[in-house]
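[1] Whatever this is, show me its structure:
(chains A and B, ligands or ions: 4)
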2 protein chains.
Amino acid sequence: MVCGVANEKGEWLAKLTIPTKHPQETMPEIIAFFEEQQIDSLGIGSFGPLDLVKGSSTYGSLASTPKKGWPGYSLLGAFAHLNIPISITTDVNGAALAEAAVGAAKGLDSCVYITVGTGIGAGAVVNGTILEGLSHPEMGHIPVVRHKDDRYEGNCPYHGDCLEGLAAGPAIQGRWGKAGVELAEVSEVWEMEAYYLAQAIATYTYVLSPKRVILGGGVMKQRHLYPLIRQALATQINGYVKIGDLEEYVVPPGLGDDAGLTGAVLLAKQALVQKGLKSTNL
Amino acid sequence: MVCGVANEKGEWLAKLTIPTKHPQETMPEIIAFFEEQQIDSLGIGSFGPLDLVKGSSTYGSLASTPKKGWPGYSLLGAFAHLNIPISITTDVNGAALAEAAVGAAKGLDSCVYITVGTGIGAGAVVNGTILEGLSHPEMGHIPVVRHKDDRYEGNCPYHGDCLEGLAAGPAIQGRWGKAGVELAEVSEVWEMEAYYLAQAIATYTYVLSPKRVILGGGVMKQRHLYPLIRQALATQINGYVKIGDLEEYVVPPGLGDDAGLTGAVLLAKQALVQKGLKSTNL
Ligand SMILES: Nc1ncnc2c1ncn2[C@@H]1O[C@H](COP(=O)(O)OP(=O)(O)O)[C@@H](O)[C@H]1O
Ligand SMILES: Nc1ncnc2c1ncn2[C@@H]1O[C@H](COP(=O)(O)OP(=O)(O)O)[C@@H](O)[C@H]1O
Ligand SMILES: [Zn+2]
Ligand SMILES: [Zn+2]
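    Numbers count the residues shown, from 1 in each chain, chains lettered A, B, ... in the order given. Ligands and ions are numbered 1, 2, ... in the order given. Here you go, the predicted model:
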């Protein structure tokens, strides 16, 4: 987990990076860090799934996750004693916010940020605001049409062959018997991967009409995927929606590994602004 | 086309319903109607596809549509001489806005409105605002996984077997050889239709996390589709996201045929408010 403290200008005052172990081990260290720094507000961009149902008694808690000790853990509860405004969303929503503010979608009021790694997740900014509704999106689990040559059954415990089940890093490994990094030269691997990721982008495009789509995560270190995805996307959309230059539409992250932390700081700022609005209303 | 004039309280002062023929025939009548009524602002919820790209020189024009004479026609241009604030979006976005304000999603700040008719279209409200981005969503054209027993090739001119190509009214007719209304008693028809519509709702749920999904349009006159869709949706989501009571989540429209007109009036109101904000900013 990456933690940071910034001043109003966005300059970093302190940073802390620690591995995500059992919460009883990891969280005391993080809490102590923020206590010491005497922060005014806190932004959290967390791995999911999270309960972000407004009015839920477990709002800000982690839901069922394979990460040991975390299911049911309340991130909001852990920082409640700091008595400061806290804004929490998913890591990918935070990254989307950061990319729209100062990254690859700078100046745009909408974008989708997709990470293709151990799982597939995506967050979005719509009309300048993070996309949430009933709870947070779970864009990695959309159904997808299989590639004609794909015989892999898929590994999502809930859906089998959803997008994540067919196209995240472990699915690549499961299908081809080796990790993606060792398959760099095998063109069928990336043609199939591009087919699935393009299909996901087509779906997000039809549903959200974003102004830009940012693709990050470990699997996207295979940079040749970007042109393959753009090509497959053009074929699949088949001219139905006009999205202009695909090189501008499907892009790598502008912030790299900093997107998460930058997003969290922006969330912390928003939490302060919201508090400000509240006090003028009183 | 349905036109209406309402006062600030939302009471109807005049209505006009005319068939959508060639614009040279239809539009003069509509323009004359609004000229006579001396309206203060105008809201338009139009069939699509529309150019809603902000800053586009053809903003507010119809794009490629099979409706004769309409491709390239500028709805915004047609009313420009009225010199009043105009707000334009898709018919389904307008319906979503109306349903969220006073219909089946009243009190909720997010919903998706789907119409299943001659085509399939959907609009959404997110954070209380109509969902637009690069342009407007085209949710009817998402890719879908075929039903295992479906041999129909699909009839979308762009994608063949996208959602609309497999599940709109003409696809039902194309697959089974008869219009939906004549197939009411044939259970395979509706089991397959429910499978596709549930898949679409699952996708919209994963991408948007809406608080409610409203299904309308001619095909949904088969009321037994609602329980079939809810059942298929539960099977497909398989517990991955918690959406509570499906009877509350997947519902028929609250406003019926009035959704479009009500949405347009709300858009007209918004256009006035925006104008008001602008003048206080000056
Ligand atoms: N250079 C690479 N090429 C292809 N796949 C990679 C590469 N680096 C990491 N991966 C894959 O990405 C996944 C890890 O994704 P990452 O984004 O680094 O972490 P996480 O998703 O857990 O946050 C693994 O499945 C791994 O095989
Ligand atoms: N009662 C019904 N049962 C099944 N299908 C119907 C019924 N009524 C209309 N439809 C189908 O709905 C489509 C027309 O949809 P509608 O929403 O009325 O118009 P449009 O989409 O053109 O605005 C046609 O394909 C028709 O076959
Ligand atoms: Zn899944
Ligand atoms: Zn299509």
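
[2] from here on, contacts and neighbour counts on C-alpha atoms
    Fine.

[3] Whichever residue of chain A sits closest to ligand 4 and ligand 3, how far apart?
    Residue of chain A nearest ligand 4, by C-alpha to the ion: A:Y240 (7.6 Å). From A:Y240 over to ligand 3 the distance is 28 Å, taken as C-alpha to the ion, to the nearest Å.

[4] and that residue, what is it in contact with?
    Applying C-alpha atoms under 8 Å, 6 or more residues apart in numbering or on different chains, one finds that A:Y240 lies in contact with B:Y158.

[5] Confirm that it sits in a strand.
    No. The assignment for A:Y240, made by DSSP: H, G, I helix; E, B strand; the rest coil, is coil rather than a strand.

[6] and it, what pLDDT?
    pLDDT for A:Y240: 93.

[7] same question, A:P66
    On pLDDT, A:P66 comes in at 85.

[8] and if you look at A:P143?
    For A:P143, the model assigns a pLDDT of 98.

[9] burial of it, as a residue count?
    Residues lying near A:P143 (other C-alpha atoms under 10 Å in any protein chain shown) number 27.

[10] same thing with A:G177?
    A:G177 has 12 neighbouring residues, counting by other C-alpha under 10 Å.

[11] If we ignore the residues flanking it in sequence, what's nearest A:Q173?
    Excluding the flanking residues, the one nearest A:Q173 by C-alpha to C-alpha, 6 or more residues apart in numbering or on different chains is A:A179, at 4.6 Å.

[12] ok, the one you found to B:I172 distance?
    Computed with C-alpha to C-alpha, to the nearest Å, the distance linking A:A179 and B:I172 is 44 Å.

[13] Among the two, which residue is more densely surrounded?
    Taking other C-alpha under 10 Å, A:A179 and B:I172 do not tie; B:I172 has more neighbours (23 against 16).

[14] now the more buried one, nearest residue through space, not along the chain?
    For B:I172, ignoring the flanking residues on the chain, the nearest one in space by C-alpha to C-alpha, 6+ apart is B:G180 at 6.3 Å.

[15] In chain A, where is pLDDT below threshold?
    The model of chain A has pLDDT under 70 over residues A:277-282.

[16] Show me the strands in it, by range?
    For chain A, the strands defined by DSSP state E cover A:2-6, A:12-17, A:42-46, A:86-90, A:111-116, A:120-126, A:129-130, A:213-216, A:250-251.

[17] Please see if the longest one touches ligand 1.
    So that's strand A:120-126. No. Contact of strand A:120-126 with ligand 1 (C-alpha under 6 Å from any ligand atom) is absent, the minimum separation being 7.4 Å.

[18] Next to ligand 1 in this structure, residues from the stretch 1-150 of chain A, please.
    A:117-119.

[19] ok, now with 8 Å
    Where the stretch 1-150 of chain A comes near ligand 1, counting by C-alpha under 8 Å from any ligand atom, the residues are A:115-120.

[20] With respect to B:Q231, which of those residues is nearest?
    Nearest to B:Q231 among those: A:I120, at 26.5 Å, using C-alpha to C-alpha.

[21] distance of the closest one from chain B?
    Distance of A:I120 to chain B, given as C-alpha to the nearest C-alpha, to the nearest Å: 12 Å.

[22] Burial check on whichever residue of the stretch 1-150 of chain A sits closest to ligand 1, number of neighbours?
    Across the stretch 1-150 of chain A, no residue is closer to ligand 1 than A:G117, which sits at 3.1 Å (C-alpha to the nearest ligand atom). When neighbours are counted by other C-alpha under 10 Å, A:G117 registers 18.

[23] Next, the contact list for it, please.
    When contacts are counted by C-alpha under 8 Å, 6+ apart, A:G117 touches A:168-169, A:217-219.

[24] got the phi/psi numbers for it?
    The phi/psi pair for A:G117 (degrees, to the nearest 10) reads phi -140, psi -130.

[25] A:I172 against A:A179, yeah?
    Yes. Contact criterion C-alpha atoms under 8 Å: A:I172 and A:A179 qualify, at 6.7 Å.

[26] Tell me the spacing between whichever residue of chain A sits closest to ligand 3 and ligand 2.
    Across chain A, the shortest distance to ligand 3 (C-alpha to the ion) belongs to A:H141, at 4.0 Å. Using C-alpha to the nearest ligand atom, to the nearest Å, A:H141 is found at 30 Å from ligand 2.

[27] cool, and A:V251?
    Separation of A:V251 from ligand 2 (C-alpha to the nearest ligand atom): 36 Å.

[28] which residues touch the closest residue to that residue other than its chain neighbours?
    Among residues not flanking A:V251 along the chain, A:I214 sits closest, at 5.0 Å (C-alpha to C-alpha, 6+ apart). By C-alpha under 8 Å, 6+ apart, the contact set of A:I214 is A:104-105, A:111-114, A:250-253.

[29] how deep is A:N238 tucked in, by neighbour count?
    A:N238 has 13 nearby residues by other C-alpha under 10 Å.

[30] Surely A:G45 and A:T90 touch.
    Yes. If you go by C-alpha under 8 Å, A:G45 and A:T90 touch, sitting 4.8 Å apart.

[31] So between these two, which is more surrounded?
    Taking neighbours as other C-alpha under 10 Å, A:G45 and A:T90 compare with A:T90 leading, 27 against 22.

[32] Report the contact partners of the more buried one.
    A:44-50, A:123, A:136 are the contacts of A:T90 under C-alpha under 8 Å, 6+ apart.

[33] buried subset of the residues you listed?
    Burial by neighbour count, judged by 16 or more other C-alpha atoms under 10 Å in any protein chain shown, picks out A:44-46, A:48-50, A:123, A:136 from these.

[34] returning to what we had before: how about TSV for the contacts of A:I214, with neighbour count added?
    Converted to TSV, the contacts of A:I214 look like this (neighbours: other C-alpha atoms under 10 Å in any protein chain shown):
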residue	neighbour count
A:A104	23
A:A105	26
A:C111	30
A:V112	30
A:Y113	28
A:I114	27
A:V250	21
A:V251	19
A:P252	21
A:P253	23
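
[35] Count residues in the vicinity of the residue nearest to B:I172, would you?
    By other C-alpha under 10 Å, the residues close to B:G180 number 23.

[36] next one: A:D150
    Residues near A:D150, counting by other C-alpha under 10 Å: 11.

[37] Kindly report the same for the one 4 residues further on.
    A:G154 sits with 22 neighbouring residues when counted by other C-alpha under 10 Å.

[38] how near is it to B:C156?
    Plainly put, A:G154 is 29 Å away from B:C156 if you go by C-alpha to C-alpha.

[39] swap in A:Y204?
    Counting by C-alpha to C-alpha, the gap from A:Y204 to B:C156 is 19 Å.

[40] Please report phi then psi for A:Y152.
    According to degrees, to the nearest 10, A:Y152 has phi -70, psi 130.
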